[in-house]
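Q: from the sequence below, what's the structure:
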Amino acid sequence: MALTLLMFVAVFVSLMLGITSFSFSEVIDTLINKVTDTPDNSIKNTVLWNLRLPRIVLCLLVGAALSVCGATYQSIFRNPLTDPYILGISSGASLGAAISILLGFDTGLFGIGTIALLTALLTVLLIYKIASIGNRMHTSTLLLTGVCFTFLITAIISFLMVLHQDKMEKIIFWTMGSFASASWNDVLVVAPCVIVGICVAIYYSKDLNLLLVGSETAKSLGVDVEKIKKHLLFFTTLMVAFAVSSCGVIGFVGLIVPHCIRLVVGADNRLVVPYSIFVGGIFLLICDTFSRTILQPAELPVGSITALAGAPMFIYLLYKSKKQL
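A: Residues are numbered from 1 along each chain as shown. As a prediction, this is how the structure comes out:
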């Protein structure tokens with residue numbers, strides 16, 4: 001209840017702030033007029049309904065998706081230091097987005113999303129195979145593999161930008177992360193993928209708790225470990241791919257949010273996953289509001305704001321667990 005209230009407060013504050021500021025009553029009047037189909041062709045209606053609100057909704061969806069993915073990956077790999085960005089999965093999706101732009105498949109989000117999904121799934125598969133030794137996965141190997149893939153993919157994208165300088169601006173968008181071009185079409189495409197992925201994660205949240213104990217223990221309790229891992233990896237990667245397709249690469253959300261939630265409610269994924277939906281959306285919305293208002297009329301990439309919060313957290317977690325690395 002408190003998180004729901006906080007989310008609505010964050011939404012209204014974000015609607016009010018920007019280059020053109022609005023009062024709370026102006027926001028309410030505009031939304032009521034839209035719901036009641038009252039004709040309103042004012043600039044206020046255009047800014048709030050066509051520019052800020054779809055951006056806010058997309059922020060909430062992407063934040064929820066990245067947070068749930070982070071919580072899921074941390075349970076699957078039994079490592080609190082993993083998230084889609086650190087593992088290189090977000091970078092893998094951005095490579096697919098860059099390829100689709102170069103091939104001319106960027107006219108629709110589904111075109112970008114499909115190729116981003118394929119490259120993200122390939123990245124997950126390669127990381128999983130390289131970092132696994134039998135049924136065991138070493139923390140140091142997993143992190144190093146993810147970092148290496150991130151650098152490799154970044155180098156490939158840079159090479160593609162040099163070869164195709166006419167499309168460099170579009171590709172740079174995916175590497176920095178931004179909601180500046182968010183629209184209702186983006187929301188309509190991303191929302192079903194995120195909702196399905198979150199439902200799958202919630203459905204398997206009890207099994208995620210067993211995976212935290214260990215694959216062998218989970219198997220002894222009747223859990224089909226490989227089946228569950230495949231389902232979870234596919235649907236979480238689906239969320240990451242379409243999130244990246246809509247706003248580019250945004251790092252550390254999946255690292256910060258689940259870890260902070262566990263500090264408050266414990267490690268039970270039946271609580272961590274649902275809480276991640278709200279906290280992740282609110283966190284990313286706050287970061288995006290800062291990114292577009294702190295230096296207005298200029299706008300910072302939202303990925304830089306999340307990195308400022310996430311990088312120190314990552315360093316702290318590394319320091320805390322250095323004895324196990």
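Q: going forward, measure contacts between C-alpha atoms and count neighbours the same way
A: Fine.
Q: pLDDT weak spots in the protein?
A: 39-41, 106-111, 134-140, 173-174, 321-325 (pLDDT under 70).
Q: what helix or strand does the spatially most central residue of it sit in?
A: The chain has Leu66 as the residue nearest its centroid, 2.8 Å off, counting by CA atoms, centre = their mean. Per DSSP states H and E: Leu66 is located in helix 53-76.
Q: helix 53-76 and the helix or strand following that helix, what's the angle between them?
A: Toward the C-terminus, helix 53-76 is succeeded by helix 89-102 as the next helix or strand (DSSP H and E). Angle of helix 89-102 versus helix 53-76, following axes from the mean of the first three to the mean of the last three CA atoms, to 10 degrees, is 130 degrees.
Q: for helix 89-102, name the packing helices and strands.
A: When contacts are defined as 3 or more CA pairs under 8 Å, 6 or more residues apart in numbering; DSSP states H and E, helix 89-102 packs onto helix 109-131, helix 139-163, helix 168-176, helix 225-247.
Q: ok, residues contacting it?
A: 84-85, 106, 111-113, 115-124, 150, 153-154, 156-157, 164, 167, 170-171, 174-175, 237, 240-241, 244-245, 248-250 (CA atoms under 8 Å, 6 or more residues apart in numbering).
Q: before we move on, back to that, closest to Lys34 out of the helices and strands packed on helix 89-102?
A: helix 225-247 (25.1 Å; CA to CA).
Q: can you name the element that comes right after that closest one?
A: Past helix 225-247, the next helix or strand by DSSP H and E is helix 253-265.
Q: identify the residues contacting that next one?
A: With CA under 8 Å, 6+ apart, helix 253-265 has contacts from 63, 66-71, 80-85, 268, 271-273, 275-276, 279-280, 283-284, 306, 310, 313-314.
Q: any of those residues buried? List them.
A: 63, 66-71, 80-85, 271-273, 275-276, 279-280, 283-284, 306, 310, 313-314 (16 or more other CA atoms under 10 Å).
Q: and the helix holding Leu66, how far out from the chain middle?
A: 4 Å (CA atoms, centre = their mean, to the nearest Å).
Q: and that helix, what does it pack against?
A: helix 2-16, helix 184-203, helix 205-213, helix 225-247, helix 253-265, helix 269-293.
Q: okay, the angle between it and helix 253-265?
A: 70 degrees.
Q: let me know the angle separating helix 53-76 from helix 205-213.
A: Going by the same axes, to 10 degrees, helix 53-76 makes 40 degrees with helix 205-213.
Q: relative to helix 269-293, how tilted is helix 53-76?
A: 140 degrees.
Q: surely the residue nearest to the centre of the chain is in contact with Tyr85?
A: No: the criterion here is CA atoms under 8 Å, and Leu66 misses it with Tyr85 at 9.1 Å.
Q: on that earlier part again, for the helices and strands packed on helix 53-76, give me CSV that also has distance to Val27.
A: Output for the helices and strands packed on helix 53-76, formatted as CSV (distance: least, CA to CA, whole Å):
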stretch, distance to Val27
helix 2-16, 7
helix 184-203, 18
helix 205-213, 38
helix 225-247, 25
helix 253-265, 29
helix 269-293, 16
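Q: how about Val223, phi and psi?
A: Main-chain torsions, Val223, degrees, to the nearest 10: phi -90, psi 130.
Q: quick check: the gap between it and Cys199.
A: Taking CA to CA, to the nearest Å as the measure, Val223 falls 19 Å from Cys199.
Q: what of Thr46?
A: In terms of CA to CA, Thr46 sits 33 Å off from Cys199.
Q: same check on Ile19?
A: 37 Å.
Q: for Met176, same thing?
A: Taking CA to CA, one finds Met176 at 29 Å from Cys199.
Q: more neighbours: which of the two?
A: Set side by side, Met176 and Cys199 show more neighbours around Met176, with 17 against 14, by other CA atoms under 10 Å.
Q: who's in contact with the more buried one?
A: Contacts of Met176 (CA under 8 Å, 6+ apart): 248-250, 301-304.
Q: scan those and report the most crowded one.
A: Counting by other CA under 10 Å, top hit in the contacts of Met176: Ile250 with 30 neighbours.
Q: separation between Phe151 and Ile89?
A: 12 Å.
Q: more neighbours: which of those two?
A: Ile89 (31 against 13).
Q: measure the more buried one to Leu126 for me?
A: For Ile89, the distance to Leu126 - CA to CA - is 10 Å.
Q: shared neighbours, those two?
A: Common neighbours of Ile89 and Leu126 (CA under 8 Å, 6+ apart) do not exist.
Q: buried ones in stretch 119-128, by neighbour count?
A: 119-121, 123-124, 127-128.
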